[in-house]
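> pasting the sequence and the predicted coordinates here, then a few questions.
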Amino acid sequence: MLAIDDLDAAMEHGLLDALPCPGCDAACNVRLIEARDARHSALAARERHRARAERLLRRAAGREAARRPVPASTAAPAPALPARGCRRAGACAGEGRAARAAMTVVAGRRRPLRGSRLTREEIADLFARLRALNPKPTTELEYASPFELLVAVILSAQATDVGVNKATRKLFPRANTPAAILALGEDGLKRYIATIGLFNAKAANVIAMCRLLLDAHGGEVPRTRAGLEALPGVGRKTANVVLNTAFGEPAIAVDTHIFRVSNRTGLAPGTNVRIVEDKLVKLVPAEFRLDAHHWLILHGRYTCTARKPQCPRCPVRDLCRWPDKAASAGPVLLP
């Protein structure tokens, strides 16, 4: 009769393939057959785990090589996989852990954060560089109160900050409160903002917004997202700008510049502005979150421009994942 403890040796010599054994009773044969089947299943599962680990490593190595080639002299050695056919206890679980660990560090670089193509260290480095260039960023819209900022942001839709400032420099000395603008009337307001695109619709929204502020909020700008978005002409982006700039909330308003920068760099890629905003809120470190909106919008407005991005002078070009970025003639220089 063959002992259960000798199954490994029996399998290596093919003894279990000859079951049932004439010299054993029926109960012994049943136990041996069950043990043989369980052993075969365990080996098959272990082989599947090993093959999956190899596939994960190959995919990760391929993506990393395409993204940033690493010289052979500095590349980290590939993590070793468990030997084929290893019979140690817990081999399957060990191989699973090895595969996950191998995916964490590939070619000497850490794994990107979920939702980004950059690692945690690269995201922190990106914002640290932008902060070094502009320690105290702010909006380029001119305003002296939360209400003036709210009006300026509404007028800035599909318009430049320069154009809005030219109009508000004439408007705000004449009327810079909800009651004063409401007294102007829609036609009176249009005379001040006629140089801004879509001024007819914007004038109607501003007048309606002023009326609702007086009726529901005592003429004060609400400090909540729900209260702001309930105002005519105010969407999520405008509400985020006011919350961040006027009230110091760590909100991130995603406009066309931030959307472009987030997708080009790989910081927070997404197919629409809400996806990008949600990712940025999760990915941006807390110490940078208050000013992240301003840094990204200014970077997109003056460096990572839509038609002719200034890649050679970009302070984060070595972190950027955009495949079409222009080659740089020198290292990144920061003050």
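Perfect, I can see it now.
> so where do the helices sit in the stretch 101-250 of the chain?
Remark: helices assigned in the stretch 101-250 of the chain by DSSP state H, counting those that start in this stretch are 120-133, 146-155, 161-171, 178-193, 199-216, 225-229, 236-245.
> how about residues contacting the first one?
By that I understand helix 120-133. Applying Cβ atoms under 8 Å, 6 or more residues apart in numbering, the contact partners of helix 120-133 are 110, 113, 116, 118, 265, 267, 283-285, 288, 291-292, 295-296, 299, 315-316, 319, 332, 334-335. All C-beta spots, glycine's among them, are computed from the backbone N, C-alpha and C.
> output the helices of the stretch 101-250 of the chain as a markdown table; include the columns distance to Arg274, mean pLDDT and mean neighbour count.
Converted to a markdown table, these look like this (distance: least, Cβ to Cβ, whole Å; pLDDT from 0 to 100; neighbours: other Cβ atoms under 10 Å):
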| stretch | distance to Arg274 | mean pLDDT | mean neighbour count |
| --- | --- | --- | --- |
| helix 120-133 | 20 | 97 | 17 |
| helix 146-155 | 18 | 98 | 23 |
| helix 161-171 | 23 | 96 | 17 |
| helix 178-193 | 29 | 96 | 17 |
| helix 199-216 | 22 | 97 | 18 |
| helix 225-229 | 13 | 96 | 15 |
| helix 236-245 | 8 | 97 | 22 |
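> residue contacts, Arg321?
Going by Cβ under 8 Å, 6+ apart, Arg321 touches 67, 117-118, 264-266.
> circling back to that earlier point, would you list the helices of the stretch 101-250 of the chain in JSON lines and tack on distance to Ile252?
Output for these, formatted as JSON lines (distance: least, Cβ to Cβ, whole Å):
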{"stretch": "helix 120-133", "distance to Ile252": "12"}
{"stretch": "helix 146-155", "distance to Ile252": "15"}
{"stretch": "helix 161-171", "distance to Ile252": "18"}
{"stretch": "helix 178-193", "distance to Ile252": "27"}
{"stretch": "helix 199-216", "distance to Ile252": "23"}
{"stretch": "helix 225-229", "distance to Ile252": "12"}
{"stretch": "helix 236-245", "distance to Ile252": "6"}
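> quick check, pLDDT for Ala51.
Reading off the per-residue confidence, Ala51 sits at a pLDDT of 79.
> before we move on, what about Lys282?
At Lys282, the predicted lDDT confidence score is 96.
> what helix or strand does it sit in?
Secondary structure from DSSP states H and E places Lys282 in helix 273-283.
> buried stuff in that helix?
Of all the residues in helix 273-283, those buried under the rule 16 or more other Cβ atoms under 10 Å are 273, 275-277, 279-280, 283.
> helix 120-133 and that helix, what's the angle between them?
100 degrees (axes from the mean of the first three to the mean of the last three Cα atoms, to 10 degrees).
> quick one: the helix or strand just after helix 273-283 to helix 273-283, angle?
Using DSSP H and E, the helix or strand that follows helix 273-283 in sequence is helix 289-302. Relative orientation of helix 289-302 with respect to helix 273-283: 130 degrees, computed using the same axes, to 10 degrees.
> please save the CA atoms from helix 289-302 in PDB.
Taking Å, rounded to 0.1, in the frame of the first residue of the first chain, the C-alpha atoms of helix 289-302 are listed here in PDB:
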ATOM      1  CA  ARG A 289      -4.500  71.500  -4.000                       C
ATOM      2  CA  LEU A 290      -5.500  75.100  -3.200                       C
ATOM      3  CA  ASP A 291      -3.300  76.600  -5.900                       C
ATOM      4  CA  ALA A 292      -3.300  73.600  -8.400                       C
ATOM      5  CA  HIS A 293      -6.100  75.200 -10.500                       C
ATOM      6  CA  HIS A 294      -4.000  78.400 -11.100                       C
ATOM      7  CA  TRP A 295      -0.800  76.600 -11.800                       C
ATOM      8  CA  LEU A 296      -2.300  74.300 -14.300                       C
ATOM      9  CA  ILE A 297      -4.300  77.000 -16.100                       C
ATOM     10  CA  LEU A 298      -1.300  79.300 -16.400                       C
ATOM     11  CA  HIS A 299       0.900  76.500 -17.600                       C
ATOM     12  CA  GLY A 300      -1.700  75.700 -20.300                       C
ATOM     13  CA  ARG A 301      -2.200  79.300 -21.200                       C
ATOM     14  CA  TYR A 302       1.500  80.200 -21.700                       C
END
